[in-house]
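Q: Predicted model and sequence below, questions to follow.
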Amino acid sequence: MDDDIVINLATDDFVAPRKTSAQKGGRWTDRLKAKRDYIERPEKRARTDKSSQPTSSSKPTAATAKPTQIISSLFTSNPTIETPKPAPIPKASSSKPSNAPVDSSTFEGLGLSPLLISHLSSKMGIQKPTGIQRSALPLMLPTPSNTDIRDIFLQSQTGSGKTLSFLLPIIQDLLPLSSLSYIDRSIGTLAIIIAPTRELAKQISDVLEALLKMRLRAEGELEGSRMTRWIVSGLLIGGENRTHEKTRLRKGLPILVSTPGRLLDHIQNTASFNCAKCRWLVLDEADQLMDLGFEETITGILKGLDARRRLAIRAIEEGKSTEVGGWDWERPRRTVLCSATIRESVQKLAGTALTAASSTSLTPPSQLTQKYVVAPLKLRLIIVFLSCTDSVDFHFNLLGSAQMGAEGTAPESEEDDSDEEDEEESEEGGDEPKRKPTKLADDAVEAKCPLLPDVAIFRLHGSLPTHTRMRALKGFAGGKDGKDKKKTTTESQPTPTSSILFCTSVAARGLDLPLVRAVVQYDLPTEGGATEYVHRIGRTARAGKGGEAWSIVAPSESEWAKWVVDKMVGEGVGLEDMKEKEREREKIDLRQVPIDSVLQSGFGGKGKEFEMRATEVQLAFERWVLRNSENVGLARKAYLSHMRAYATHPSNEKHMFHIRHLHLGHLAKSFALREAPTKVNAASNSKSKSSKSTGSSKWAEVKARSESNKVNRAKAGKKGKQTNYDSDVDSDMDLAENEKRMKAVVRAQGRLSRKGGVMARTDTSEFQIMGTDYLEKLVSGR
Ligand SMILES: Nc1ncnc2c1ncn2[C@@H]1O[C@H](COP(=O)(O)OP(=O)(O)OP(=O)(O)O)[C@@H](O)[C@H]1O
């Protein structure tokens with residue numbers, strides 16, 4: 001399998017829906033289709049914004065020619081989207097991949113141990129160093145000339161081999177200790193690697209274990225134990241039994257890979273965690289780790305390690321130590337900061353900055369093709385994916401269960417006020433055939449999509465339990481889960497040849513899945529701007545391989561393409577010179593592709609046939625949502641969460657990503673919702689009204705908290721700062737739930753000020769987070 005993400009929803013052999021004129025008898029879907037496709041609706045009140053204008057490209061149809069509108073059509077009432085002029089192919093795209101190994105260099109020439117070189121070559125297929133490895137190894141490998149170099153910052157493009165750049169020097173540094181008779185794993189932890197997500201920590205640990213499997217023996221020795229026998233690696237990522245972790249730590253883990261929270265926990269609370277002799281501290285994705293939210297934890301870790309070291313030295317001085325003698329306590333700890341993107345301020349924290357010679361900018365790998373399509377929101381559903389947690393769950397279930405021609409009914413509840421269209425659905429749903437289960441198990445990680453027979457679908461987000469997240473990643477990457485399933489796949493369930501991973505930004509950084517062919521940003525990042533964009537697209541085009549990045553851009557967001565390129569060039573470290581910036585800009589080839597050509601290649605057919613095919617798929621999705629209240633609930637929740645997430649774009653992006661500019665009707669349609677958005681909110685409100693706690697008491701609670709925040713801020717002398725809530729949070733909505741969600745969003749973004757446990761505006765960005773009332777007003781036009 002060499003393609004792990006596909007972007008087309010249907011292939012050329014898509015079977016066109018049966019044309020029918022039957023009004024009586026036949027399949028329910030045929031009658032419904034005949035009815036719905038040709039129901040003419042009174043013209044909607046015209047929107048005043050230009051986005052409500054019909055496309056210039058859309059030819060007059062029976063519907064558009066008259067002053068009426070087909071409700072289910074995806075291709076009417078769309079905003080005008082300028083068709084891009086074909087851009088010249090930039091010179092850079094024909095040059096050598098920028099993150100590939102460098103032919104002119106060798107590991108021998110960089111001072112790497114022959115034992116490691118031989119293992120890399122024979123067991124891992126790695127022959128030549130990449131640019132960053134060429135820069136880093138001579139300075140980081142243990143030699144008498146570089147003992148003074150303490151903190152190091154490694155910056156290079158995504159997929160350029162930073163992991164080996166720090167793991168190889170650590171291992172080469174520890175290997176000589178093997179000759180000391182007293183050395184075994186009880187020496188404690190000598191190197192710690194911190195990664196921001198569990199998935200990334202696990203991945204680094206896997207690479208480390210692959211390296212430690214080396215049959216390394218001292219030169220000339222054919223027999224005897226491995227030099228790495230005592231270098232046991234450990235992984236601490238939370239979500240696991242603490243007692244079990246403590247036992248492992250007590251036995252000794254010379255190299256530890258961990259997420260920050262769990263590590264701090266053990267430094268503070270596990271007496272038997274011997275980390276006083278730690279020589280290496282690596283912060284992978286350092287910019288994210290140094291950001292607010294993680295910052296305090298990292299500071300706690302640094303202080304904790306220093307304190308442990310001081311205590312150990314004092315114990316030796318006072319003769320109370322059980323430590324073995326002969327340890328070089330004078331040798332300082334070396335800190336390695338590592339990322340593809342990093343702010344200059346963070347870079348300055350490191351004494352020595354090492355970058356791959358090829359580029360210091362925020363640019364993605366040169367061989368990565370970047371494309372974007374400006375799509376009306378309601379058309380997104382038929383293209384591809386990416387979103388917040390609820391949106392991931394919704395799309396995973398939708399794609400994993402919806403089928404062409406499947407039946408639907410109106411939702412079981414909350415539909416007393418269903419509109420004419422819903423009533424039509426209910427009437428026609430009377431003779432529906434037996435339904436298939438419509439929702440996947442809560443812990444399901446893989447689904448087969450009836451619309452995409454050769455595709456396995458996976459999901460990954462931070463609200464899933466750790467073991468589920470790991471299973472998802474393994475399955476997607478073609479690991480055990482995926483492979484086993486392929487063996488048992490029957491004829492009725494064809495072998496998946498491609499995989500799609502629906503995920504949140506939890507998968508944006510560091511994950512190395514070499515077979516990923518394309519990254520599709522169904523939603524652009526709400527947090528992290530161009531930096532997050534570069535990390536996300538960096539999941540493809542790794543180590544010199546090709547890859548494509550697609551971004552789905554709403555008409556109201558169309559300024560984004562220029563903005564993100566400006567940011568990529570402008571935020572590159574050390575790119576002050578205008579000419580240099582211009583050269584960098586030329587290398588970034590982010591080009592717009594007309595939506596028609598994307599749909600045409602996805603759905604096939606002649607002329608505008610793709611419109612009918614796309615509409616059929618949209619209808620299949622809408623029918624799936626209508627099948628039961630659970631599906632409706634998933635869709636509504638995803639829609640509302642999407643709006644909340646959207647509202648967290650920072651204020652300097654408001655001109656492109658303001659919720660006020662979103663076409664909410666189209667947005668609802670992209671979640672396969674037929675209801676007008678007012679109804680989506682109304683349904684949500686009625687649910688919360690029936691919940692135990694009254695809205696008003698919760699409102700009072702939130703308001704009180706908001707007041708207390710103000711007092712705290714005033715006390716702290718932070719005038720002018722405000723909470724991330726607007727003071728007009730709606731009293732009807734489930735405020736506690738709302739608050740929880742908002743907090744989760746903000747915390748996930750690392751912007752929750754831990755001081756006092758309240759959400760406060762941070763110095764680096766001011767969120768658009770606004771009360772539900774405000775969203776409601778926008779939605780209902782009040
Ligand atoms: N010298 C090399 N030759 C060939 N492949 C390599 C070399 N070094 C590393 N790789 C491979 O390149 C891929 C990317 O490496 P790695 O994950 O370390 O990249 P990274 O720079 O950390 O990326 P990101 O910034 O996205 O975290 C891995 O599959 C790794 O095995």
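A: Thanks, I have it.
Q: so who does the closest residue to Ile126 other than its chain neighbours touch?
A: Distances taken as CB to CB, 6 or more residues apart in numbering place Leu120 nearest to Ile126, at 4.2 Å, with adjacent residues excluded. Just so you know, the C-beta spots here come from the backbone N, C-alpha and C atoms, and that holds for glycine as well. Shown in contact with Leu120 (CB atoms under 8 Å, 6 or more residues apart in numbering): 107, 126-127, 164.
Q: Quick one: buried ones out of those residues?
A: Buried subset of the contacts of Leu120 (neighbour count, 16 or more other CB atoms under 10 Å): 107, 126, 164.
Q: Ser641 reaches Val392, doesn't it?
A: No: the pair Ser641 / Val392 is not scored as a contact, 9.8 Å apart, by CB atoms under 8 Å.
Q: Looking at those two, which has the bigger crowd around it?
A: Applying other CB atoms under 10 Å to Ser641 and Val392 shows that Val392 carries more neighbours, namely 26 against 22.
Q: Which helix or which strand is home to that one?
A: Using DSSP states H and E, Val392 maps to helix 389-401.
Q: returning to that earlier point: make a markdown table from the buried ones among the contacts of Leu120 and add distance to Tyr646, secondary structure and pLDDT to it.
A: As requested, the buried ones among the contacts of Leu120 are exported to a markdown table (distance: CB to CB, whole Å; DSSP: H, G, I helix; E, B strand; the rest coil; pLDDT from 0 to 100):
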| residue | distance to Tyr646 | secondary structure | pLDDT |
| --- | --- | --- | --- |
| Phe107 | 47 | helix | 94 |
| Ile126 | 42 | coil | 94 |
| Leu164 | 38 | helix | 97 |
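Q: Let me have those residues in JSON lines, extended by distance to Gly325.
A: Shown next, in JSON lines, are these (distance: CB to CB, whole Å):
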{"residue": "Phe107", "distance to Gly325": "35"}
{"residue": "Ile126", "distance to Gly325": "39"}
{"residue": "Leu164", "distance to Gly325": "34"}
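Q: Within reach of the ligand, which of these are there?
A: Checking those against the ligand by CB under 6 Å from any ligand atom, the ones in range are 126, 164.
Q: Just the CA atoms of stretch 659-668, as PDB, please.
A: C-alpha atoms of stretch 659-668 as PDB (Å, rounded to 0.1, in the frame of the first residue of the first chain):
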ATOM      1  CA  ILE A 659     -17.900  33.400  12.300                       C
ATOM      2  CA  ARG A 660     -20.000  36.400  11.200                       C
ATOM      3  CA  HIS A 661     -18.800  35.800   7.600                       C
ATOM      4  CA  LEU A 662     -19.700  32.100   7.600                       C
ATOM      5  CA  HIS A 663     -22.700  31.100   5.600                       C
ATOM      6  CA  LEU A 664     -24.300  29.100   8.400                       C
ATOM      7  CA  GLY A 665     -27.000  27.500   6.200                       C
ATOM      8  CA  HIS A 666     -24.200  26.100   4.000                       C
ATOM      9  CA  LEU A 667     -22.300  25.100   7.000                       C
ATOM     10  CA  ALA A 668     -25.300  23.100   8.400                       C
END
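Q: So for that stretch, what gets flagged as buried?
A: Quick answer for stretch 659-668 (16+ other CB under 10 Å): 659, 661-668.
Q: Who are the packing partners of the helix with the most length in the chain?
A: Using DSSP state H, we find that the single longest helix of the chain is helix 295-317. In terms of contacts (3 or more CB pairs under 8 Å, 6 or more residues apart in numbering; DSSP states H and E), helix 295-317 is packed against strand 191-194, helix 260-269, strand 280-284.
Q: and those, which is most packed in?
A: When you average the neighbours per residue for each of the helices and strands packed on helix 295-317 (mean count of other CB atoms under 10 Å), strand 191-194 leads with a mean of 27.
Q: who touches that one?
A: Applying CB under 8 Å, 6+ apart, the contact partners of strand 191-194 are 166, 170, 174, 201, 204, 208, 254-260, 263, 275, 278-284, 289, 298, 301, 305.
Q: how about a cut-off of 7 Å?
A: With contacts defined as CB atoms under 7 Å, 6 or more residues apart in numbering, strand 191-194 is touched by 170, 204, 255-258, 260, 263, 278-284, 289.
Q: between those, which is nearest the ligand?
A: The ligand lies nearest to Asp284 out of those, by CB to the nearest ligand atom, at 7.2 Å.
Q: Quick one: end-to-end length of stretch 506-526, please.
A: End-to-end distance for stretch 506-526: 13 Å, by CA to CA, to the nearest Å.
Q: same deal with stretch 328-342?
A: Counting by CA to CA: the opening and closing residues of stretch 328-342 are 33 Å apart.
Q: name the element Gly293 belongs to?
A: For Gly293, there is no enclosing helix or strand under DSSP H and E.
Q: how close does it sit to the ligand?
A: Distance, Gly293 to the ligand, using CB to the nearest ligand atom, to the nearest Å: 20 Å.
Q: give me the number of residues near that residue?
A: Neighbours of Gly293 under the rule other CB under 10 Å: 20.
Q: try the one 3 residues further on
A: Residues contacting Glu296 under the criterion other CB under 10 Å number 14.
Q: that older thread, intersect the buried residues of stretch 659-668 with the contacts of the ligand.
A: Among the buried residues of stretch 659-668, no residue lies close to the ligand (CB under 6 Å from any ligand atom).
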